[in-house]
Each structure stands twice: as C-alpha cells, then as structure tokens.
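Peer 1: Show me the folded form of this:
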Amino acid sequence: MIKLFLFDIEGTTTDINFVHKVLFPYAYNAMEQFILHHQTHPTVMKAIEDTRITVWDEDKKKLALYDVIEKLKEWIKKDRKHPALKEIQGLIWENGYSKNEFKGHLYTDVKPFFSKIISSNKKIGIYSSGSVHAQKLIFGFSTDGDLTPMISYFFDTKVGAKREKISYEKIALETKLTPQEIHFFSDIPEELKASKEAGMQVTHLLREGAKSSEFEGITSFNSFINLI
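Peer 2: Prediction:
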C-alpha cells in the first residue's frame, strides 16, 4: 500500500516556464548586487568557495570575486545543477517572494490532489534538483497559498542525483518506508526509470508539450485523485 506520494517540481507540479522565464532571469539579474552585498553571509561565503573549488578542479583557474559572479551567471544560463548556485538562487528568490514580486506557480490540480492525499492519511514528499530552501519558497509563497504544512519531506540533490537508483533508495531509508510504499511522479522518464528500479511505483506527468514514454502517463492529477 502506498504511504508516501513523492513529487518532482519542474514540469510536474510547476510550469517549466515559471522556472526558466521568471526564477532564472530574476536570479541572473540580481546575482552581482546580491553577492556584493552579502559576501560575508555564511551560506554565500561557502557558495563562493565551492564555486572556486569546482572551477579549479575542472579548469585549473583561480577566480576573483567578480569571476565567481560571472561563473554563477554562466551556470544559470546552462542550468547547471551545482549546489553553490542552488544555494545562492534560493537566497535571491527569497527576496523576490518576500517582496511579492512573484508567486510560486502551481498547476490548479496540485492543491486538490494534495488535499486528497492528506485526507487519506498518506504523506507528501518533494524531490527536486532545486535546493530544499527553494522548494519551500515555491510551495510557501504559491499561487494557492502556503502548502508547506501539507508536505512531510523535502529532498534535493544532497540525497543524490535524480537519475540514479541509489538516490531513491536513500529517500526510502530516510522516510523509514520501503520503496514499494512510495509513488513517484515526474515528467522525466530517466527519473522514473531510476525510481522504478529502486522499487517505487511511478507515473509520468505529461503536461503540455511533454512526450509519452514507456511509463503510465497522465496529463493531470485529476485523473489520479480517485485512485487513492
């Protein structure tokens, strides 16, 4: 029996366009001033150092502060899943959310589905490449209000890459559930493949423009809501 419903964000609960056309440009445009004004913040200091380490390991180049800023902006354009970038982006986005400059986009079928899950005494988890901080911002400042009290677990790439079987095995261990008790929803077939290999049940979200795969697909959670 399924006890935990685990969700990807981008392309699953949230429109990809919100991430790529709102959040990414906002972080890109704010990056320089944010780092210059917050370079002594512990999280920012660590992100700066981690960026320097990565560039040294990969290119044997030493980066000054402005070089770090440009590298982080370059990674935004490339959508690189680097922990340093994810941490900085989360802090920048927090400013935007708190100033009400934007709200976290959620498809209209998300909140009703979450409500049905909770009313059925089951739990909700999130697993995204965005930092846990950024995940909580999307659901905390969402177009449907604060949904974070409904969510029991948040996982990011600290648990592992989303296309690797072991990441889903770790999630099962952390939730003290068997993989067979977890149902994972994503728009990415490679993620579904990895989670299914770990033993989870899976469903492919086929939002607008998505291509079908070998996995069972739905275009909306409304077609799944009565199956809980």
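
Peer 1: what residues does the helix or strand hosting Gln33 touch?
Peer 2: Using DSSP states H and E, Gln33 falls within helix 24-38. Taking contacts as C-beta atoms under 8 Å, 6 or more residues apart in numbering, the residues outside helix 24-38 that touch it are 44, 48, 65-66, 68-69, 72-73, 76-77, 79, 88-89, 91-93, 95-96, 101-102. Heads up, the C-betas are built off the backbone N, CA and C, glycines and all.

Peer 1: Need the buried ones from those residues selected in PyMOL.
Peer 2: For the buried members of these, the matching PyMOL selection, counting by 16 or more other C-beta atoms under 10 Å, is:
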select buried, resi 44+48+68+69+72+73+76+88+89+91+92+93+96
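
Peer 1: got the contact list for Thr14?
Peer 2: Listed by C-beta under 8 Å, 6+ apart, the contact set of Thr14 reads 104-107, 138.

Peer 1: Also compute the angle for the longest helix seen in the chain relative to helix 24-38, please.
Peer 2: Longest helix in the chain by number of residues, with DSSP state H as the criterion: helix 42-59. Between helix 42-59 and helix 24-38, the angle comes out at 110 degrees (axes from the mean of the first three to the mean of the last three C-alpha atoms, to 10 degrees).

Peer 1: Which helix or strand lies directly C-terminal to helix 42-59?
Peer 2: Once the chain leaves helix 42-59, the next helix or strand it forms, by DSSP H and E, is helix 65-78.

Peer 1: can you give me phi and psi for the residue sitting nearest the centre point of the chain?
Peer 2: Nearest to the geometric centre of the chain sits Ser128, at 2.7 Å (C-alpha atoms, centre = their mean). Ser128 adopts backbone torsions of phi -140, psi 160, taken as degrees, to the nearest 10.

Peer 1: Ile182 now?
Peer 2: Per-residue torsions, Ile182: phi -120, psi 140 (degrees, to the nearest 10).

Peer 1: and the closest residue to the residue nearest to the centre of the chain other than its chain neighbours, how many neighbours?
Peer 2: Distance criterion C-beta to C-beta, 6 or more residues apart in numbering; nearest residue to Ser128, sequence neighbours excluded, is Ile9 at 4.2 Å. Using other C-beta atoms under 10 Å, Ile9 is surrounded by 24 other residues.

Peer 1: what's Ile9 in contact with, if anything?
Peer 2: Counting by C-beta under 8 Å, 6+ apart, Ile9 touches 126, 128, 130, 135, 138.

Peer 1: Next: Phe113.
Peer 2: The contact partners of Phe113, by C-beta under 8 Å, 6+ apart, come to 221-222, 224-225.
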